[in-house]
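In: got a predicted structure here, sequence first:
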Amino acid sequence: MQQRKIIPLSQLPLKDDFMFGEVMRNEKVCKLFLEALLGKKIARIVYIDKQSDLSDGARVHGIRLDVYLADENNTHYDIEMQQFSKEALEMRIRYYQSGIDRRTLEKSDDYKNLSNSFVIFVCDFDYYKRGAAKYERTSFVNGWTDLPYEDGSHVIILNSRYRDRNASPAILEFLDYIRTNDDAMQMFSELGQETKKAVFTVRSDKTKEVPYMTWTMKLRDIREETWEEAWGEAWEKSHQKTQEKDIQGMVE
C-alpha cells in the first residue's frame, strides 16, 4: 500500500479533515455556514465535541463526527467533510443519525422530546452525479406528496463539483473554495471571507503543528490497519476457495 504524502500544515486545503474541523470550530464561520445553508438566523451555537465519539461499546461500529453542535433551540447538527467518494453514503448517514438520536434522548424522556437534527455532508465529488450543488432529503407518505413524513431528521449533501447552482451564493462560494483551494479567489460573501481568514489563521498557528501531525499519523495507522485487514480477509477467502477446489478435484 502506497502511503499518501503528508501535506504541510502551511499548505493544508479546506477539504482536509483536520483543516475543515478546525475552521468549522470557528463559531462565526460555522454560524454563517448554517445560516447560508438553511436560510434562517441562528442566535447561538454550542459545540458538543470535535471528532465526537458516539460508540456504544467495543463490539459496535464506532462513529466519529467531524463537527457536532447544537443551536439555541437544541437542534443538533453534524457537519462532515468527505474528500473521496464512498459507496452507501445514505447508510452511513443513517448510522450517524441513529448515534445522534441515542445521545440526545435520555432514558426517561418521551420520544416527542427527541431533538431535531441535521446531518450535513460537504463532498468534493458529486455523489448522485446529477450536477446539483445541494441535495436535500425530503420524505412523504407513499402516494401523497402533500403529506410529509416528519420525524425531525434532515439530511443535506453538498457537492463542490456542481453544475446546477441550486444553493445560496455564499454556499456556492464556499464550495468553490473547497474545489479549487484557490487562495487568490475573491470572496464576496461574509462566509467566504471569514472562511478564508480562518484557513490562513490555522495554517500560521504553530500550536496546531503537533495536533495536526498526531491526527495525520493516527489516520495513516487506521488506513493501514484497514487495508491489511481487508487484504487478509481477501487472501483467506481466496485460499479457502483454492482448498475447496482441490478437495473437489480429489473427490472427482
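Out: Nice, thanks for sending it over.
In: C-alpha from now on. contacts and neighbour counts both.
Out: Will do.
In: measure stretch 104-124 end to end?
Out: 30 Å (Cα to Cα, to the nearest Å).
In: what does that stretch contact?
Out: Around stretch 104-124, the neighbours that count as contacts under Cα atoms under 8 Å, 6 or more residues apart in numbering are 15, 74-85, 93, 96-97, 101, 151-161, 178-179.
In: just the buried ones from those residues?
Out: Under a neighbour-count criterion of 16 or more other Cα atoms under 10 Å, the subset of those counted as buried comprises 15, 75-83, 93, 96-97, 101, 153-161, 178-179.
In: quick one: mark the members of the residues you listed that sit in strands.
Out: Per DSSP state E, strands hold the following members of those: 76-82, 153-159.
In: reformat these as JSON lines; add distance to residue 214 and pLDDT.
Out: What follows is these, written out as JSON lines (distance: Cα to Cα, whole Å; pLDDT from 0 to 100):
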{"residue": "76", "distance to residue 214": "28", "pLDDT": "95"}
{"residue": "77", "distance to residue 214": "26", "pLDDT": "95"}
{"residue": "78", "distance to residue 214": "23", "pLDDT": "95"}
{"residue": "79", "distance to residue 214": "22", "pLDDT": "96"}
{"residue": "80", "distance to residue 214": "20", "pLDDT": "95"}
{"residue": "81", "distance to residue 214": "19", "pLDDT": "95"}
{"residue": "82", "distance to residue 214": "20", "pLDDT": "95"}
{"residue": "153", "distance to residue 214": "34", "pLDDT": "95"}
{"residue": "154", "distance to residue 214": "33", "pLDDT": "97"}
{"residue": "155", "distance to residue 214": "31", "pLDDT": "98"}
{"residue": "156", "distance to residue 214": "30", "pLDDT": "98"}
{"residue": "157", "distance to residue 214": "29", "pLDDT": "98"}
{"residue": "158", "distance to residue 214": "29", "pLDDT": "98"}
{"residue": "159", "distance to residue 214": "29", "pLDDT": "98"}
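In: turn those into JSON lines, columns for distance to residue 144.
Out: Rendered in JSON lines, the data for those read as follows (distance: Cα to Cα, whole Å):
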{"residue": "76", "distance to residue 144": "29"}
{"residue": "77", "distance to residue 144": "29"}
{"residue": "78", "distance to residue 144": "30"}
{"residue": "79", "distance to residue 144": "31"}
{"residue": "80", "distance to residue 144": "32"}
{"residue": "81", "distance to residue 144": "34"}
{"residue": "82", "distance to residue 144": "34"}
{"residue": "153", "distance to residue 144": "19"}
{"residue": "154", "distance to residue 144": "19"}
{"residue": "155", "distance to residue 144": "21"}
{"residue": "156", "distance to residue 144": "22"}
{"residue": "157", "distance to residue 144": "25"}
{"residue": "158", "distance to residue 144": "27"}
{"residue": "159", "distance to residue 144": "29"}
